[in-house]
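> A structural model of the following input is requested.
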Amino acid sequence: MSFIIKFFFIFFVLLNSIACFSDEAPEDIVGAITVGLVEARSLYNQGAVFIDVRSEQGWRMGHIRGAVHLDFNDEAFVLLYASDALNKETPLVFYCDSPLIPSSAMASFFAVSWGYKKVYYFRDGYYAWMASDHPIDYTLASVE
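Numbers count the residues shown, from 1 in each chain. As a prediction, the model looks like this:
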């Protein structure tokens, strides 16, 4: 693993640990646009890339249909920094479970600092999306 990837991974883990002591995620992220459920659905209909930053377990229990999974607490999240696959003008919508979890706020912050121009912070998160009966997918655990 290269030095820069190790550095960012350690930095993410430390930031996430600190943020876990907070009561809830911030309302706004400098450089990102905070969106609610209506705006998120509009972005979804326009083809924005939704990025689920929750754990693998959360992802398997359900996620926004068509979303990309990049667990914020995993080194795979750094792929967003190192990847040339996404144009910096691509609309990115970051989400986690709810406003009680800061992961999507931190992911939005890093995306902005890495030069992404159209970063949307869906603060309400997956549970609000699911409760509104918007499209979701999930992976059932196999029963053996």
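> where exactly do the helices run in the chain?
Along the chain, counting by DSSP state H, helices occupy 3-19, 37-45, 56-61, 79-82, 103-113, 125-131.
> lowest-confidence stretch among those helices?
Note on those: lowest mean pLDDT is at helix 3-19, with a mean of 49.
> how long is stretch 113-130 end to end?
30 Å (Cα to Cα, to the nearest Å).
> tell me which residues of it are tucked away?
Under the neighbour-count criterion of 16 or more other Cβ atoms under 10 Å, stretch 113-130 has 116, 118-126, 128-130 buried. In short, each C-beta sits where N, CA and C put it, glycine included.
> Now render the residues you listed as CSV, adding distance to Gln46.
Below are the buried residues of stretch 113-130 laid out as CSV (distance: Cβ to Cβ, whole Å):
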residue, distance to Gln46
Tyr116, 16
Lys118, 11
Val119, 15
Tyr120, 11
Tyr121, 17
Phe122, 14
Arg123, 19
Asp124, 18
Gly125, 19
Tyr126, 19
Ala128, 19
Trp129, 16
Met130, 20
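> The residue nearest to Val49 when sequence neighbours are not counted pairs with what?
Leaving out its chain neighbours, the residue that sits closest to Val49 by Cβ to Cβ, 6 or more residues apart in numbering is Leu92, at 5.3 Å. Leu92 forms beta bridges with Val49, Val119, as assigned by DSSP bridges.
> what's the offset of stretch 109-123 from the middle of its chain?
Averaging C-alpha coordinates over stretch 109-123 and over its chain gives two centres that are 10 Å apart (Cα atoms, centre = their mean, to the nearest Å).
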